[in-house]
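K.L.:
Generate coordinates for the sequence data below:
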Amino acid sequence: MHRRFRILLSMSLLAAALPLQAQQRIFIAGDSTASAYPSERAPREGWGMRLQPYLADGWEVRNHAQSGRSARSFIEQGWLEGIAADLRGGDVLLVQFGHNDAKVEDPARYNDPAVDYPRWLMRYVALARERGATPVLVTPVARRKFDGTQLLDTHGPYPRAMRDLAVREGILLVDLNAASMAWLRAMGDAASKPYFMHVPAQRQADDTHFSAAGAQAVACLFAAAWRGVDAAAPVRPVQEEECAQIPTPSLADVSPSVVVNERDIALPQPGPHGGEDMTTAYPFFADATGFDVVFRKRALHPGATIGAHVNDKDEIYYVLSGRGVLTLNGEMRDVGPGDAILTRSGDSHALRQSGDEDLVVFIVFDNASRTSRAP
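P.N.:
Got it, this is the predicted structure:
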């Protein structure tokens, strides 16, 4: 027994000394149709939030998609650097852009589909190949825009430009645009509404961004399309018919009056919009229905920021305590207790905590003011 014990102990020590098998990762570079959202944005979700259950064992999602970004601005604003710092051999890099690349009115995001768009996409491909990872181009998911019974193509030449690039450079491509357009056509105008941000209780009618059910359906469509072009894709077997059967939740009734205390809802979160360090969010009445005003409190702890982003709504910040630096449309100024900040839809802003004391702000906006400007 004594000798057997020594053998077992030696085997245990040897096993402990061996490196654990590295988790294989799927990185997502994309826009708001794929990006993650905090609970206070419910029921809005990006399809990247729902991809994990469709992956094969041993794979995990690293979702770096950011609202409002194009293939150009994602790189120029430094978001690709976060992927580059972690990407390694054996990983997969999914690249889905196109919604914002078509915004000709915004030079910081616009990409000509014939030249600039493929050139920026190749920056992602080159990074993946340099690191020994697999690049996968993903055509932009369709918007829900019907003219009578006909689904309109809102992406024009961008999916075609990505397909041509994939053929020319030998890059694997998942045609999510084609898969999602077929899905929408099959459902039709009325039946497809609940999969998008058509939320009567919040007075929202958004045909670009997804509800939770829509995000799940698109993640399913993506997995099915990926496996359809690559039998070795790290996704579980799934058919498009399964995606079409994902149910939508029934609309909730108007919720009753209620009293809550912030200690019961405190939620530690990283700085929103890709901000730095940690904050504590207090999503008051996040589950309330039939109520249009959103009321939030957020504490930015030392070093924390709300990342630079383009507003998709009018929004008010009121500083309760602490100090910070506000960047509004490129101009910086110090803010402190008693300062109220109105940021308009389409403007850009960021907020950084300064000093030793938490920067605590109230945030108020009207759900009905949200737009689909920044996918």
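K.L.:
got a list of what the closest residue to Pro283 other than its chain neighbours touches?
P.N.:
Nearest residue to Pro283 in three dimensions, chain neighbours excluded: Glu40, at 4.1 Å (CB to CB, 6 or more residues apart in numbering). Backbone N, C-alpha and C define where each C-beta goes, glycine included. Going by CB atoms under 8 Å, 6 or more residues apart in numbering, Glu40 touches 281, 283, 286, 294, 296.
K.L.:
number of nearby residues for the closest residue to Gly188 other than its chain neighbours?
P.N.:
Excluding the flanking residues, the one nearest Gly188 by CB to CB, 6+ apart is Thr149, at 6.9 Å. By the criterion of other CB atoms under 10 Å, Thr149 has 8 neighbours.
K.L.:
Which residue ranges of this structure form helices?
P.N.:
Ranges of helices in the chain, per DSSP state H, are 2-17, 71-76, 79-84, 116-131, 157-169, 176-187, 189-192, 212-229, 240-243.
K.L.:
sorry, back to before: please produce JSON lines containing the contacts of Glu40, extended by neighbour count and pLDDT.
P.N.:
Below are the contacts of Glu40 laid out as JSON lines (neighbours: other CB atoms under 10 Å; pLDDT from 0 to 100):
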{"residue": "Ala281", "neighbour count": "20", "pLDDT": "93"}
{"residue": "Pro283", "neighbour count": "22", "pLDDT": "90"}
{"residue": "Ala286", "neighbour count": "18", "pLDDT": "79"}
{"residue": "Val294", "neighbour count": "22", "pLDDT": "85"}
{"residue": "Arg296", "neighbour count": "19", "pLDDT": "91"}
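K.L.:
so which of these comes closest to Asp314?
P.N.:
Nearest to Asp314 among these, counting by CB to CB, is Val294 at 11.3 Å.
K.L.:
Which residue is the nearest non-sequential neighbour of the closest one?
P.N.:
Phe365 is the one closest to Val294 (CB to CB, 6+ apart), at 5.2 Å.
K.L.:
wait, doesn't that neighbour sit right on Asp312?
P.N.:
No: counting by CB atoms under 8 Å, Phe365 does not reach Asp312; the two are 9.8 Å apart.
K.L.:
which residues of the stretch 1-150 of the chain score low on pLDDT?
P.N.:
The model of the stretch 1-150 of the chain has pLDDT under 70 over residues 1-22.
K.L.:
which one is Phe295 nearest to, not counting chain neighbours?
P.N.:
Closest to Phe295 by CB to CB, 6+ apart is Phe284, at 4.9 Å.
K.L.:
Isn't that neighbour up against Val293?
P.N.:
No: if you go by CB under 8 Å, Phe284 and Val293 don't touch, sitting 10.2 Å apart.
K.L.:
More neighbours: these two, which one.
P.N.:
Neighbours were counted for Phe284 and for Val293 using other CB under 10 Å; Phe284 has more, 17 against 11.
K.L.:
Tell me which residues touch the more buried one, please.
P.N.:
260, 262, 265, 295-297.
K.L.:
which among those residues gets closest to Arg131?
P.N.:
Distance to Arg131, by CB to CB, is smallest for Arg296 among the contacts of Phe284, at 38.4 Å.
K.L.:
Identify the bridge partners of that closest one.
P.N.:
Beta bridges link Arg296 to Ile363 when assigned by DSSP bridges.
K.L.:
Could you check the pLDDT of the residue nearest to Val294?
P.N.:
For Phe365, the pLDDT comes out at 86.
K.L.:
From Val95, how far out is it?
P.N.:
Distance from Phe365 to Val95, counting by CB to CB, to the nearest Å: 31 Å.
K.L.:
quick one: which of those two has more around it?
P.N.:
Val95 (26 against 21).
K.L.:
Kindly tell me how buried the closest residue to Ala219 other than its chain neighbours is, as a neighbour count.
P.N.:
Of all residues not flanking Ala219 in the chain, Arg50 sits nearest, at 3.9 Å (CB to CB, 6+ apart). Residues within reach of Arg50, counting by other CB under 10 Å, total 24.
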